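Participant: Need a 3D model of the sequence below.
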Amino acid sequence: MLLATLIFCLVLNVSWGQSKYEAAQAYQDQLDMEFADDVLSPLTMEDYVQFSTLPFFPIDTNYVVKARLELTPEDSVFKMPTSTERLAEYRRFAIAYFELNGQEYQLNLYENMRNKSNPKYKNMLFLPFKDHTNGEETYGGGRYIELEKEGDEFITIDFNRAFNPYCAYNDRFSCPIVPKENFLDLPVKAGVKAHKH
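Facilitator: Numbers count the residues shown, from 1 in each chain. Modelled structure (predicted):
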C-alpha cells in the first residue's frame, strides 16, 4: 500500500511539472506569434524583417510559485511614471509573498485603472519587477508579468512568462517604470532575455 501511494505521488508530481512546463511553453509560443504578426508586433521594421523568435531562458518550473496575497483595499490610486512624460493610473491590489530558491520574497501587484471598466481585462493584474539580471542578460529597465486574479488568498506567479516592456524594442511606446520596491535580490533566469538590436 505504501509503495502504491509513493508511486501515485510521483506520477502526480511529474504530471504537475509537465503541466506547468507546457503552460509556460504555450505562453512563450503565443508571445512569439504576436511578435511575428505585422499588426501586433512592437518591433521596428528593421528588427521585424529579421525576427524569428524571442530569446528566452530555458523554461524552469522552479520559477512557478504559489504566492500568498495580502490585499491592500485601502490603497489609493496613484500615477506611475513611465518612460515618457505620460503618467499611468494604477492602484496596488495586493502584496504577494512567496518562496524562491529557498528564500522569502515579496512583490506588489497592481491594477491598471484604465482597464477596470473593460470586462476583458478587469481581472488582470500587473507585476513589474527588476532583478540582478537587468542590464546584462535581461532588459535594464526590468520586466513585466501579467496575471489573472485567482481569488483573495493566493495567486500563481510564473516567471517564465516575464516579458520586456515594448519600449525595450521601440521608443514610440510609453512603458511604466518598475517601482523601486519591486526589486528581487536574486537573478531571475526565466522568461524573455534582453533584445539584441
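
Participant: Run through the strands of this structure in chain order.
Facilitator: Ranges of strands in the chain, per DSSP state E, are 64-71, 78-81, 87-100, 103-112, 124-129, 143-148, 154-158.

Participant: wait, which of those strands is closest to Phe35?
Facilitator: strand 143-148 (14.9 Å; CB to CB). Yep, even glycine has a C-beta here, placed from its N, CA and C like the rest.

Participant: List the contacts of the closest one.
Facilitator: 109, 123-130, 155-159, 161-165, 191-192 (CB atoms under 8 Å, 6 or more residues apart in numbering).

Participant: Same check on stretch 130-138?
Facilitator: 57, 140-143, 164, 178, 182-189, 191-194.

Participant: From start to finish, how long is it in a straight line?
Facilitator: 10 Å (CA to CA, to the nearest Å).

Participant: repeat for stretch 115-128
Facilitator: So stretch 115-128: terminal residues 16 Å apart, CA to CA.

Participant: I'd like the strands of the chain written out as JSON lines, with mean pLDDT, mean neighbour count and distance to Asp32 added.
Facilitator: Shown next, in JSON lines, are the strands of the chain (pLDDT from 0 to 100; neighbours: other CB atoms under 10 Å; distance: least, CB to CB, whole Å):
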{"stretch": "strand 64-71", "mean pLDDT": "98", "mean neighbour count": "16", "distance to Asp32": "20"}
{"stretch": "strand 78-81", "mean pLDDT": "97", "mean neighbour count": "14", "distance to Asp32": "28"}
{"stretch": "strand 87-100", "mean pLDDT": "97", "mean neighbour count": "17", "distance to Asp32": "26"}
{"stretch": "strand 103-112", "mean pLDDT": "97", "mean neighbour count": "18", "distance to Asp32": "24"}
{"stretch": "strand 124-129", "mean pLDDT": "97", "mean neighbour count": "20", "distance to Asp32": "21"}
{"stretch": "strand 143-148", "mean pLDDT": "97", "mean neighbour count": "18", "distance to Asp32": "16"}
{"stretch": "strand 154-158", "mean pLDDT": "98", "mean neighbour count": "18", "distance to Asp32": "17"}
